[in-house]
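Asker: sequence and computational prediction follow.
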Amino acid sequence: MVIITLQRAKCIGCNYCVEQAPAHFQMSKKDGKAVLLHSIEKRGFFTFKSANMGILQAVTKAKEACPVKIIDVKQT
């Protein structure tokens, strides 16, 4: 299981996450911040869980590319 968490309020809109993992992130046309696709929001944290371990490399690159360190990726 791969768990991705995004603290969207702290996003600066650099687009690096979209460049690294376009299947999981996109930029909002409303406010220019990143959106974690298919995520569930709870208290400002957007979380997406997937059993597909094939996404791990792309989302880990997105996490590492984020200059404000608001993306977290965990394996369970």
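Answerer: That came through, no problem. Since the model is a prediction, treat every value here as computed from it, not as a measurement.
Asker: which residues touch Phe48?
Answerer: Phe48 makes contact with Ile3, Ile4, His24, Leu36, Leu37, His38, Ser39, Ile40 under the criterion Cβ atoms under 8 Å, 6 or more residues apart in numbering. The way it works is simple: take the backbone N, C-alpha and C, and place the C-beta from them, glycine included.
Asker: just checking, the third one touches Gln57?
Answerer: No. With the criterion set as Cβ atoms under 8 Å, His24 and Gln57 do not qualify as a contacting pair; they are 11.6 Å apart.
Asker: neighbour count winner among the two?
Answerer: Relative neighbour count places His24 above the other of His24 and Gln57, with 24 against 11, counting by other Cβ atoms under 10 Å.
Asker: re the thing from before, could the contacts of Phe48 go into CSV alongside distance to Gln75, pLDDT and secondary structure?
Answerer: As requested, those are arranged in CSV below (distance: Cβ to Cβ, whole Å; pLDDT from 0 to 100; DSSP: H, G, I helix; E, B strand; the rest coil):
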residue, distance to Gln75, pLDDT, secondary structure
Ile3, 8, 98, strand
Ile4, 11, 98, strand
His24, 15, 98, coil
Leu36, 17, 98, strand
Leu37, 19, 98, coil
His38, 18, 98, coil
Ser39, 17, 98, coil
Ile40, 19, 98, strand
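Asker: narrow those residues to just the buried residues.
Answerer: Buried members of these, scored by 16 or more other Cβ atoms under 10 Å, are Ile4, His24, Leu36, Ser39.
Asker: all helices for the protein, in order.
Answerer: Along the chain, counting by DSSP state H, helices occupy 16-20, 56-65.
Asker: buried sites along the shortest one?
Answerer: In this case it means helix 16-20. Residues Tyr16, Cys17, Val18, Gln20 are the ones in helix 16-20 that count as buried (16+ other Cβ under 10 Å).
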